[in-house]
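> The sequence and its predicted three-dimensional model are supplied below.
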Amino acid sequence: MQYQVQGIVIRSMDYGEGNKIITIFSREMGKIAVIVRGAKKLKSRYGSVSQLFTSGQYLFFRSGQLGTLKHAEIVDSHHAIREDLHLSAYASYMAELTDRMLADQEANPYLFDQLNAAMKGLIEHKDMQIISFIYEMKIWTHAGYLPELEVCVACRREDNEMAFSAALGGMLCGSCRFKDLKALILSSGTLKLIRLFARMDITRLGQIDVKPETKTSLKNLMRSYFDAQIGVPLKSRNFLDQMDKYGI
């Protein structure tokens, strides 16, 4: 059967001498894997449409799990992302999150629009770290992993001294903080932002200025929660950590 979808390439791997298999996150069908014959050849007309982060219209035939590309047109090559180490690193992180956290052929137009807006945001020089935080929370929400951010996970009340427990899956009030001595103490600014990110639509994200120390706090919160509750190993996250470690 033949299908036409709007999609973003979130994974690309060599297949045989001249072919590639690409994973497309599509608006209509979710994640789909398609073989692009001759994509590695120098004069291939499909070489560009099979590059990572490319947004396009893809026409393919499928009789089993793996489709075969018949035609494609680029909507946005996102070449500026591939040409910049930092942009590429954060785009790779969001693409790998999508690939690892979502099931195949599970359509989610909203999440597709969020990823598409995230890619555009990177090109428009919006804060790449903030964009990745927000998109990651969209993935958590879709996968059913969003932490409790409004009330205490233990007693269900809210106070002004909330801390975040990765192990217990959300906020702890001052009275219940003893339940997790490793809970992260949050500033009012960090608490406000993490709640905002859970609701924010990336398509409406403007320029946002967040203090470096607040971004560090947000990163620690999100990393600790991901490791405690989800635990999916991500190569792209390791690369981001290496960049931070060596100040690249």
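Here it is on my side, so go on. Numbering: from 1, shown residues only.

> Check the offset of the strand or helix carrying residue 60 from the chain's centre.
Assigned by DSSP states H and E, residue 60 belongs to strand 55-62. Chain-centre distance of strand 55-62: 22 Å, with CA atoms, centre = their mean, to the nearest Å.

> Following it in sequence, what is the next regular element?
strand 66-76.

> could I get the strand holding residue 60 in PDB with only the CA atoms?
The C-alpha trace of strand 55-62 is given here as PDB (Å, rounded to 0.1, in the frame of the first residue of the first chain):
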ATOM      1  CA  SER A  55      11.500  18.000   7.100                       C
ATOM      2  CA  GLY A  56       9.700  16.900   4.000                       C
ATOM      3  CA  GLN A  57       6.800  15.200   2.200                       C
ATOM      4  CA  TYR A  58       7.500  11.500   1.800                       C
ATOM      5  CA  LEU A  59       5.700   9.100  -0.500                       C
ATOM      6  CA  PHE A  60       6.500   5.400   0.200                       C
ATOM      7  CA  PHE A  61       5.200   1.900  -0.500                       C
ATOM      8  CA  ARG A  62       4.900  -0.600   2.300                       C
END
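
> in that strand, what's buried?
Judged by neighbour count (16 or more other CB atoms under 10 Å), strand 55-62 contains these buried residues: 55, 56, 58, 60, 62. The way it works is simple: take the backbone N, C-alpha and C, and place the C-beta from them, glycine included.

> Chain neighbours aside, what residue packs nearest to the fourth one?
For residue 60, the nearest residue in space outside its immediate sequence neighbours is residue 67; the separation is 4.0 Å by CB to CB, 6 or more residues apart in numbering.

> Can you give me the pLDDT of that neighbour?
Per-residue pLDDT puts residue 67 at 96.

> Correct me if wrong: it contacts residue 59.
No: using CB atoms under 8 Å, residue 67 is not in contact with residue 59, being 9.7 Å away.

> what do those two both touch?
Contact criterion CB atoms under 8 Å, 6 or more residues apart in numbering; residues shared by residue 67 and residue 59: residue 3.

> quick one, helices of this structure?
Taking DSSP state H, the helices of the chain run over residues 79-82, 85-101, 109-123, 128-143, 188-199, 212-225, 235-245.

> Let me know which of these is the nearest to residue 11.
helix 85-101 (5.3 Å; CB to CB).

> Give me the spatial nearest neighbour of the spatially most central residue of the chain, chain neighbours excluded.
Central residue of the chain (CA atoms, centre = their mean): residue 94, 2.7 Å from the mean position. Leaving aside its chain neighbours, residue 94 sits nearest to residue 135 (5.1 Å; criterion: CB to CB, 6+ apart).
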